[in-house]
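> Predicted model follows, preceded by the sequence.
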Amino acid sequence: MKKRVPAIEGWFSLDTEKPHLLGSRCTSCKSYFFPKETLFCRNPGCAGREFEEVPLSRSGKVWSFTNNCYQPPPPYVSPDPFVPYAIAAVELEDEKMVVLGQVAAGTDASELKVGMPVELVLEKLFEDEECEYLVWKWKPVSQAEERSHV
Amino acid sequence: MSKEVAILGVGMHPWGKWGRNFVEYGIPACQDALKDAGIEWTDVQFVSGAETVRNGYPGFVSGATFAQALGWSGARVASSYAACASGATSMNAARAQILAGLCDVALVVGADTTPKGFLAPTSGDRPDDPDWLRFRLLGATNPTYFALYARRRMELYGATDKDFAKVKVKNSRHGLSNPNARYRKAFSEEQVLASPMVADPLRLLEICATSDGAAAVVLSSMEFARKRALDPVRVVAISTVTPKYPNTVIEMPNFATDSASSVPLPNAPFRDSIAAAAYEEAGIGPEELDLAEVYDLSSALELDWCEHIGLCKPGEAERLLNDGDTTIGGRIPVNPSGGLACFGEAVPAQAIAQVCELTWQLRGHAGERQVEGARVGLSVNQGLFGHGSAVIVRK
Ligand SMILES: [Zn+2]
């Protein structure tokens, strides 16, 4: 089996069961940032320069979505042949921010609705001879699963 | 002190796709604008170039590139880049020079040559650049973002794919007689809806192409214009605002919005604030507009812009469209030039081209696409990385 490595370092935890995106939080004003802000707080009313790494909520609600029907240009590494895939913008309630991600394989855009609950999973983005490169994706939470979370 | 400047002359090179050197497009646009202004190149004291980032060093220093091509004259120069808003930024640089009394006459120019297909990030591995990373990690092209806005419109306001197609139909008719437009073909709703899906719900005929093209304007002080007994169209406002934190709408090329968890939302979202700043500067409101040129990167986005510039309330743009209000002859024609639907996008030239169209309309020189009695016009667009752009011109 190929080695599984993140497609980008430090953007998400590698917990395959319950992965989290890794953001940062200003220790002064408590604003969240994703990807991590580490130098200067972007809140214009805050002079904060210290940040803590925080896992972001791993579930949220669909803000909007689309289906990429054409192969994106490089540096996207596309499977051959290209298979259309969905992208969702997801609202995280606690962080009050919207985060983009591909939608997990096997979910068609036609199955998505604004407001639908989704959760974070890790899936393969692309692979080479040695490694599979992982990225975060959004996956609809089935209603049964949703109830079991309560 | 008056904050107005005169538009002495405008010029464009037609939009198309030839892949030639961008200077070949820009020079004829400059020459047309100078001729239209009735001045010589050597009368220009300040050259303001909108940059192109796809044409190497000459593109980065476009102001100087055009000054050299027109013949070094000692004019002062600046070049600006603000993505799609570059034209407005470079007009604003020229306006500031004039209003500060540092020069009387300025030439503003933008020209571009674009590659085929999706606009891709500049090459090389750049894992610190969000514009590179959004392609790498998400495959999020520009149409991906347009589609997210369009889909949200459908889900929030009940917009339909037919509404989106009708925008393209309207603009394709507006641009039919425009000699500078790249696409001069009337499309039917059926044709639009039969074109291939690119980024659901947007189809190929609803997404703006990338084009070659150039536009130029000659701006002057009001005093300079009056001395020549000219009664010119005037620029009365240029907005180049950035967002206010937290910006909670997902914007190209970002992965996430700002967080609103600890700072309250600003009074108006970014896109509303772009035109609002121009209205405030001009001392007018949207009800005084006779026409608008808005950035229809997608058919659906034109509907968003109608609301962002205050032509109607959120969720009402489909009604405005379907009532014919935004068609030439209607209450407030939108994109009488044919918009990006007929031009495609030549990034640094586009905001300047919008102002060329407003000028022709206000002069009554727009031919078959003339908006009768137009006296006040607004153009609006937005550049990647938080660049607002809106210009108000009046007779
Ligand atoms: Zn802070």
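All right, it came through fine. Numbering: from 1, shown residues only, chains lettered A, B, ... in the order given.
> only C-alpha atoms for contact and neighbour calcs from this point on.
OK.
> Settle this for me: B:Pro201 is touching B:Asp161, isn't it.
Yes: with contact defined as C-alpha atoms under 8 Å, B:Pro201 and B:Asp161 form a contacting pair (6.9 Å).
> higher neighbour count, the two?
Of the pair B:Pro201 and B:Asp161, B:Pro201 is the one with more neighbours under other C-alpha atoms under 10 Å in any protein chain shown, namely 24 against 20.
> What separation do you get for the more buried one and B:Leu384?
Taking C-alpha to C-alpha, to the nearest Å as the criterion, B:Pro201 is separated from B:Leu384 by 22 Å.
> what's the burial count for B:Ala225?
Neighbours around B:Ala225, by other C-alpha under 10 Å: 20.
> wait, I meant B:Ala96
The burial count for B:Ala96: 15, using other C-alpha under 10 Å.
> Double-check that it belongs to a strand.
No: counting by DSSP: H, G, I helix; E, B strand; the rest coil, B:Ala96 is not part of a strand but helix.
> Can you give me the pLDDT of it?
What the model reports for B:Ala96 is a pLDDT of 98.
> now do A:His149
As summarised for this prediction, A:His149 has a pLDDT of 49.
> show me what contacts the residue of chain A found nearest the ion?
Here the residue of chain A nearest the ion is A:Cys29; by C-alpha to the ion that distance is 4.0 Å. Contacts for A:Cys29 were tallied using C-alpha atoms under 8 Å, 6 or more residues apart in numbering or on different chains; they are A:46, A:48, B:262.
> Give me the neighbour count for the closest residue to the ion within the stretch 151-300 of chain B.
For the stretch 151-300 of chain B, the nearest residue to the ion under the criterion C-alpha to the ion is B:Ser262, separated by 8.9 Å. Using other C-alpha under 10 Å, B:Ser262 has 14 neighbouring residues.
> Specify the local secondary structure of it.
Secondary structure of B:Ser262, per three-state DSSP, is coil.
> So it is in contact with A:Ser31, correct?
Yes: judged on C-alpha under 8 Å, B:Ser262 makes contact with A:Ser31 at a distance of 5.7 Å.
> can you pull up the bridge partners for B:Val109?
With DSSP bridges as the criterion, the beta-bridge partners of B:Val109 are B:Gly49, B:Ala216.
> what sits against it?
Contact analysis of B:Val109 by C-alpha under 8 Å, 6+ apart lists B:26, B:29-30, B:47-50, B:63, B:87, B:214-217, B:349, B:352.
> Okay, now stretch B:256-266: how far is its last residue from its first?
With C-alpha to C-alpha as the measure, the ends of stretch B:256-266 fall 18 Å from one another.
> could you give me the average pLDDT of that stretch?
Throughout stretch B:256-266, pLDDT has a mean value of 95.
> cool, and stretch A:11-31?
95.
> Give me the buried positions along it.
With burial defined by 16 or more other C-alpha atoms under 10 Å in any protein chain shown, the residues of stretch A:11-31 counted as buried are A:11-14, A:19-26, A:29-31.
> quick revisit: got a list of what the residue of the stretch 151-300 of chain B closest to the ion touches?
B:Ser262 makes contacts with A:29-31, as judged by C-alpha under 8 Å, 6+ apart.
> now, which of these lie within helices?
The helices, defined by DSSP state H, take in nothing from the contacts of B:Ser262.
> Return the closest of those with respect to B:Phe255.
B:Phe255 has its nearest neighbour among those in A:Ser31, at 16.4 Å by C-alpha to C-alpha.
> Return the alpha-carbon coordinates of stretch B:49-69 using PDB.
The C-alpha atoms that make up stretch B:49-69 are tabulated as PDB, following Å, rounded to 0.1, in the frame of the first residue of the first chain:
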ATOM      1  CA  GLY B  49      -0.900  52.200 -17.300                       C
ATOM      2  CA  ALA B  50      -3.100  49.300 -16.200                       C
ATOM      3  CA  GLU B  51      -0.800  46.300 -16.000                       C
ATOM      4  CA  THR B  52      -1.100  43.000 -17.500                       C
ATOM      5  CA  VAL B  53       0.600  40.200 -15.600                       C
ATOM      6  CA  ARG B  54       0.600  37.700 -18.500                       C
ATOM      7  CA  ASN B  55       3.000  39.500 -20.800                       C
ATOM      8  CA  GLY B  56       6.300  39.600 -19.000                       C
ATOM      9  CA  TYR B  57       8.100  42.700 -17.900                       C
ATOM     10  CA  PRO B  58       6.600  45.100 -20.500                       C
ATOM     11  CA  GLY B  59       3.200  44.200 -19.100                       C
ATOM     12  CA  PHE B  60       4.300  45.000 -15.500                       C
ATOM     13  CA  VAL B  61       5.500  48.400 -16.500                       C
ATOM     14  CA  SER B  62       2.700  49.000 -19.000                       C
ATOM     15  CA  GLY B  63       2.700  52.800 -18.500                       C
ATOM     16  CA  ALA B  64       6.300  53.100 -19.500                       C
ATOM     17  CA  THR B  65       5.900  50.500 -22.300                       C
ATOM     18  CA  PHE B  66       3.200  52.600 -23.900                       C
ATOM     19  CA  ALA B  67       5.100  55.900 -23.300                       C
ATOM     20  CA  GLN B  68       8.100  54.400 -25.100                       C
ATOM     21  CA  ALA B  69       6.000  53.000 -27.900                       C
END
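> now the helices: where do they sit in the chain?
Assuming you mean chain A. Shown for chain A, the helices assigned by DSSP H span residues A:143-149.
> wait, chain B
Taking DSSP H as the criterion, chain B carries its helices at B:22-37, B:56-60, B:62-70, B:86-99, B:130-133, B:142-157, B:161-174, B:189-194, B:222-227, B:270-282, B:299-308, B:317-322, B:339-343, B:347-363.
> Relative to chain A, which of these is closest?
Chain A lies closest to helix B:142-157 among those, at 5.3 Å (C-alpha to the nearest C-alpha).
> The buried residues of stretch A:11-31: which two are farthest apart?
Spatial extent of those (C-alpha to C-alpha) is set by the pair A:Leu14 and A:Cys29 at 28.2 Å.
> any idea of the mean pLDDT for the top strand by length along chain B?
Among all segments of chain B classified by DSSP state E, the strand with the greatest residue count is strand B:5-16. If you average the pLDDT over strand B:5-16, you get 98.
> which other helices and strands contact it?
For strand B:5-16, the contact count by 3 or more C-alpha pairs under 8 Å, 6 or more residues apart in numbering or on different chains; DSSP states H and E identifies helix B:22-37, helix B:86-99, strand B:212-221, helix B:222-227, strand B:233-239, helix B:347-363 as packing neighbours.
> one more time with 7 Å
For strand B:5-16, the helices and strands in contact under the criterion 3 or more C-alpha pairs under 7 Å, 6 or more residues apart in numbering or on different chains; DSSP states H and E are helix B:22-37, strand B:212-221, helix B:222-227, strand B:233-239.
> What residues does chain A have near the ion?
Residues of chain A lying close to the ion (C-alpha under 5 Å from the ion) are A:26, A:29, A:41, A:46, A:48.
> and if we set it to 8 Å?
Contact residues, chain A versus the ion (C-alpha under 8 Å from the ion): A:25-31, A:40-43, A:45-49.
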